[in-house]
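In: predicted model and sequence below, questions to follow.
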Amino acid sequence: MIRLASPTARREFSRTAETQRSPLGFLMIASTIATLAVVSAASAQSPPKGSPEHIKAVTSAVDQNSIKANAATSNDWPTIGLDYGETRFSKLNQINTDNVKNLGLMWTYNLESSRGVEATPLVVDGIMYVTASWSVVHAIDVRTGKRIWSFDPEVSRSIGYKGCCDVVNRGVALHKGKVFVGAYDGRLIALDAVTGKKVWEKDTLIDKEHSYTITGAPRVVNGKVVIGNGGAEYGARGYVTAYDAETGNQAWRWFVVPGDPSKPYEDESMEAAAKTWDPAGKYWVNGGGGTAWDTITFDPDLNLVYIGTGNGSPWNRHLRSPAGGDNLYLASIVALNADTGKYVWHYQETPGDHWDYTSTQPMILADINIDGAPRKVILHAPKNGFFFVIDRTNGKFISAKNFVDVNWATGYDANGRPIEVAAARDPEKGMDAIPGPYGAHNWHPMSFNPMTGLVYLPAQGVPLNLTPQKGWKHNANQPGEFGGNTGWNTGFVLNATPPQNLPFGRLIAWDPVKQKEAWKQEYVAPWNGGTLTTAGNLVFQGTADGRFIAYNATTGDKLWESPTGTGVVAAASTYMLDGKQYVSIAVGWGGVFGIAARATEADNPGTVYTFAIDGKAPLPPITKYQMENLVEGVKYDPADVGPGTLLYVSSCVTCHGVPGVDKGGNVRNLGYVGAETIANLKNFVFKGPHVDKGMPDFTGKLSDDDVVKIIAFIQGTADAVRPPKK
Ligand SMILES: O=C(O)c1cc(C(=O)O)c2c(n1)C(=O)C(=O)c1cc(C(=O)O)[nH]c1-2
Ligand SMILES: [Ca+2]
């Protein structure tokens, strides 16, 4: 009880009482109560880590401000590329060049998937969100390595073949207590971060005639979730859509390429783009392409969203747009207003794309000094083999330099146009495209370390010969058309002539100011993982041959490695947990190269590996990849091998590779599945047992007689490649 002793004290009290009645006073009391609440919360027990209350508290706090604030410490990994620049540069240095040799396993978590795993794990205060194949989301408690929940959007496995490049997913976005995932079948789904229960779901697909998928990670910009689609191998028209994060209501949509010119253009940018396409190619029937299937990057200060756009559909421009033209906005970086989705500027990296040179590769927004002046730039290494530095305020070209050998252009002129080699567009003659359609760099994220000034870039060469296809028509499915019987439309015959260049995989440390390589590491195969770099002067990368490696970021010296039980394609994340730095990587062999090819005999399921200094957990035992002997003795008529080859190319090769030549990836090679399976191929091709794993049912697409011919090709090829018996 307050005793009002003196008149002064009484006066003081009444004045306080006065102010308490005024609005200002109310605020003062409220703030006092708030302060008391904070004090008592701190002194009382905070919710146990990993409890629903703790997960709710830490995930609800993730928003634009917290992501910006986290960039100062890198304590958490709250968004796919770590920060809005998507630098994948962590300021953490507890693990560094001196002690990385003591890095050890804390735990592994089985993602229970056998297809590609491409996601970077997000982590806030030890709560991890990561996706496996088939867009399945896992919430994991890093403190224990145990599942909190998992969510399977139950994508019908029968549509697996409707995406070009494996049933992959590149991860989730986290915002104010929700987890956002794009499902392979085109749904954008919001989940409660605590329970994994669905909050809302939107079908993002505007057109069910063409094959659209989602494989990329959504991004949240100004409270909206932005997502694009895949499908440009199938005749899709690219677009990106923003949905309100709370309600799922559509906020805006921007198309990448123009639609049917007999209908009104959606906006001025489409009207301008249409002038760069020849309507004689009926591009709107073939979709046009440009699908934004991976990178979407956001600069909150400029309020711009940057979209990396995909290849033309079909690939061959002579067929798509016979009179030529740049075919905007294919293979470009396009800046959109984050609030309205309105076009602001574009820079086209591959005008008139002809080689599947997507620009969907992850972008990095960096502030670097060029010619003594600070510039806000985008660093980008698209499929086409050139490293680009672009002014991100206005889209102006700064520089481009090839980071691997290329044969389609000799360089870029001062205006940022490629100086093309005419033979690369020969309408009749085929050539090895260098880079080939797998790209000199694919979706595997690169990272940028401002301390070394270097970009760590997973580069590669996958040889492919492209010969213009005679008589191509949309969905005509000519025998011999690559993937034609599963919906592909490229307008090229692939490898009609065996390619003469050689495959390679390489980690390049690239100086974006000098546009020059600083160091490199060669690998045994293409298709190595994304990179992570840290203030401990480290670069982390997983490899196609099943290792997770740490390098010295300055010199490229290898400092540490661990086996991973399968090939790695995703990039790692790092974060602090209760005062200790952790590194996590989701492994799982796959993606477009990994469907049919492999570089390791280890065949463990998709798994999250988490490491810290002095971790002592045992590595999981390795399961060896199972293959039958090269198929032998299946009866066939040699006259069927020729027609069987064409049928195989249009129906089987995209997933199964070349029998007896490739060794199988996450899908089997038909040279190594046993004679009984090949002799009974009909049972697999028509309503077969693998339809629920994503294989097409070829009923009505192949005849019994076609299957006989395909068998002839498989056995004939196996016989041709079999080493002579001693
Ligand atoms: O044109 C497209 O729409 C599209 C989509 C995708 C995809 O969604 O995964 C890929 C590609 N193209 C592509 O060209 C490509 O090389 C590729 C590799 C991968 C992968 O995950 O390994 N996806 C894709
Ligand atoms: Ca593509």
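Out: Received the coordinates, thanks. Ligands and ions are numbered 1, 2, ... in the order given.

In: not counting residues beside it along the chain, what's closest to the one residue in the stretch 501-650 of the chain that gets nearest to ligand 1?
Out: In the stretch 501-650 of the chain, the residue that lies nearest ligand 1 is G591 (2.6 Å; CB to the nearest ligand atom). Using the backbone N, CA and C atoms, a C-beta is placed for each residue, glycine as well. Excluding its sequence neighbours, the residue lying closest to G591 (CB to CB, 6 or more residues apart in numbering) is G116, at 4.5 Å.

In: and for the one you found, the neighbour number?
Out: By other CB atoms under 10 Å, 29 other residues sit near G116.

In: repeat that for E246.
Out: 15.

In: which residues does it contact?
Out: Counting by CB atoms under 8 Å, 6 or more residues apart in numbering, E246 makes contact with K176, G223.

In: same question, A571
Out: Contacts for A571 (CB under 8 Å, 6+ apart) come out as R88, T120, H444, P445, S447, G529, G530, T531, L532, Q541, G542, I585.

In: what's the spacing between V524 and K224?
Out: To K224, V524 is 43 Å away according to CB to CB, to the nearest Å.

In: just A571 next, same as before
Out: Distance of A571 to K224, computed by CB to CB: 25 Å.

In: mind listing the helices in this structure by residue range?
Out: Along the chain, the segments classed as helices by DSSP state H run 7-21, 23-43, 52-60, 64-70, 268-274, 317-320, 641-651, 653-656, 675-679, 681-685, 704-721.

In: once you drop chain neighbours, what's closest to Y347?
Out: G395 (4.6 Å).

In: the one you found - how many residues pack around it?
Out: Neighbours of G395 under the rule other CB under 10 Å: 20.

In: cool, and the one 10 residues further on?
Out: For D405, the tally of surrounding residues (other CB under 10 Å) stands at 12.

In: which residues sit in contact with the residue nearest to G591?
Out: Going by CB under 8 Å, 6+ apart, G116 touches S133, D166, V167, V168, V569, G588, W589, G590, G591, G594, I595, N666.

In: I figured the second one hits G594, correct?
Out: Going back to what we said before, that points to D166. Yes - taking contacts as CB atoms under 8 Å, D166 lies within contact range of G594: 6.7 Å.

In: okay, and the common contacts of the two?
Out: With CB under 8 Å, 6+ apart as the test, D166 and G594 both reach G116, N666.

In: and these two? Which one has more around it.
Out: Set D166 next to G594 and count neighbours by other CB under 10 Å: D166 wins out with 29 against 26.

In: returning to that earlier point: and the residue of the stretch 501-650 of the chain closest to ligand 1, how far from ligand 2?
Out: Here the criterion is CB to the ion, to the nearest Å. By it, G591 lies 12 Å from ligand 2.

In: quick one: contacts for that residue?
Out: Taking CB under 8 Å, 6+ apart, we find G591 in contact with G116, E118, C165, D166, V168, N442, W443, W527, V569.

In: apply 6 Å and report the result again.
Out: Shown in contact with G591 (CB atoms under 6 Å, 6 or more residues apart in numbering): G116, D166, V168, V569.

In: who has more neighbours out of V524 and K224?
Out: K224 (23 against 13).

In: weakest of the helices of the chain by average pLDDT?
Out: Among the helices of the chain, helix 7-21 carries the lowest mean pLDDT, at a mean of 36.

In: so who does the residue of the stretch 1-150 of the chain found nearest ligand 1 touch?
Out: Closest residue of the stretch 1-150 of the chain to ligand 1, CB to the nearest ligand atom: E118 (5.7 Å). Under the criterion of CB under 6 Å, 6+ apart, the neighbours of E118 are V168, R170, V569, A570.

In: please repeat the previous calculation with a cut-off of 8 Å.
Out: For E118, counting by CB under 8 Å, 6+ apart, the contacting residues are V168, N169, R170, G171, T215, W443, V569, A570, G588, G590, G591.

In: which parts of the stretch 201-350 of the chain sit against ligand 1?
Out: Listed as neighbours of ligand 1 in the stretch 201-350 of the chain under the rule CB under 6 Å from any ligand atom: T213, T215, G230, G231, A232, E233, T291, W293, G310, N311.

In: please indicate which of those residues are buried?
Out: T213, T215, G230, G231, A232, E233, T291, W293, G310, N311 (16 or more other CB atoms under 10 Å).

In: measure the fourth one to G289 for me?
Out: So that's G231. From G231 to G289 the distance is 8 Å (CB to CB).

In: nearest to ligand 2 within the stretch 101-250 of the chain, name that residue for me.
Out: Of all residues in the stretch 101-250 of the chain, A232 sits closest to ligand 2, at 4.8 Å by CB to the ion.

In: which strand residues bridge the residue nearest to that residue when sequence neighbours are not counted?
Out: Nearest residue to A232, sequence neighbours excluded (CB to CB, 6+ apart): G289, at 3.5 Å. G289 has the following beta-bridge partners by DSSP bridges: R237, G312.

In: return the residues in contact with G289.
Out: For G289, the contact set (CB under 8 Å, 6+ apart) comprises 232, 236-238, 256-257, 310-314, 320, 330, 353.

In: so can I have TSV of the residues you listed showing distance to V220?
Out: Below are those laid out as TSV (distance: CB to CB, whole Å):
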residue	distance to V220
A232	25
A236	24
R237	25
G238	21
V256	21
V257	25
G310	22
N311	27
G312	30
S313	29
P314	34
R320	34
L330	26
D353	29
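
In: spatially nearest residue to V631 (excluding sequence neighbours)?
Out: Once flanking residues are discounted, V631 sits nearest to A718: 4.7 Å by CB to CB, 6+ apart.
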